[in-house]
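Trainee: I need the structure of the sequence given here:
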Amino acid sequence: MFRKMRRSPQALSQDEIIEVLKKETRGVLSVQGDDGYPYGVPINHYYDEETGKLYFHGANFGHRVDAIKRDPKVSYCVFGQDYQKEGDWAKYVKSVIIFGKAELIEDIDEVIKWSVRLCSKFPCTEEYIRTEVEKDAGRTLCFSITIEDINGKLVHEA
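Mentor: Model prediction:
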């Protein structure tokens, strides 16, 4: 159903994939947008090792929400900062691509739970996060992605 990675020698291990998902804060979520056009949107994510799912939050309306309600199949791409190895002119970057199904989370307690966890990746106090999340919880929607296929690779941009 899902294609195998063409350049398998560049594949990241499962541990490296998880490291990228946990360390990096942003990626691009792609959904089936209006009139058959793909719609990709940069978004913050939280990877939960216990559930094995990705979590996001945002407004409870809009293009992304409409698209997920229409078709829950999504892809998500996250990549780390590029770096150079000593003596090499080209750069390296680790990237992860996920295919899965998005599920909307509308229960207010779950919205608060996942929003707090997501915001904890940023340099804010727990008190500030709680206050802001609870203030906006009524206008916030979370969703999770159940991962159906995941792969990562180390790209050498030569």
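
Trainee: which element is L21 on?
Mentor: Using DSSP states H and E, L21 falls within helix 14-23.

Trainee: cool, L54 as well?
Mentor: Here L54 is assigned to strand 53-59, by DSSP H and E.

Trainee: buried sites along the helix or strand bottoming out on mean pLDDT in the chain?
Mentor: Ranked by mean pLDDT, DSSP states H and E, the weakest helix or strand in the chain is helix 126-136, scoring a mean of 82. If you call a residue buried by 16 or more other CB atoms under 10 Å, then helix 126-136 has these buried ones: 129, 133. For every residue, glycine as well, the C-beta is placed using N, CA and C.

Trainee: Now do the SS call for W89.
Mentor: The assignment at W89 comes out as coil when based on DSSP: H, G, I helix; E, B strand; the rest coil.

Trainee: Actually, Q81.
Mentor: Using three-state DSSP, the three-state assignment for Q81 comes out as coil.

Trainee: cool, and the one 5 residues further on?
Mentor: Taking three-state DSSP as the rule, one finds E86 in the coil state.

Trainee: Check the burial of it by counting its neighbours.
Mentor: When counting by other CB atoms under 10 Å, one arrives at 4 neighbours for E86.

Trainee: List phi and psi for it.
Mentor: Dihedral pair for E86: phi -60, psi 130, per degrees, to the nearest 10.

Trainee: Now do it against Y92, distance only.
Mentor: Separation of E86 from Y92 (CB to CB, to the nearest Å): 12 Å.

Trainee: Please apply the same query to G58.
Mentor: Per CB to CB, G58 is found 31 Å from Y92.

Trainee: partner residues bridging P38?
Mentor: P38 forms beta bridges with Q32, as assigned by DSSP bridges.

Trainee: which residues sit in contact with it?
Mentor: 30-32 (CB atoms under 8 Å, 6 or more residues apart in numbering).

Trainee: Please produce a markdown table containing the residues you listed, extended by pLDDT, neighbour count and distance to V96.
Mentor: As requested, the contacts of P38 are exported to a markdown table (pLDDT from 0 to 100; neighbours: other CB atoms under 10 Å; distance: CB to CB, whole Å):
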| residue | pLDDT | neighbour count | distance to V96 |
| --- | --- | --- | --- |
| S30 | 97 | 18 | 14 |
| V31 | 97 | 22 | 18 |
| Q32 | 96 | 16 | 21 |
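
Trainee: which one of those residues is nearest N151?
Mentor: Distance to N151, by CB to CB, is smallest for S30 among those, at 15.5 Å.
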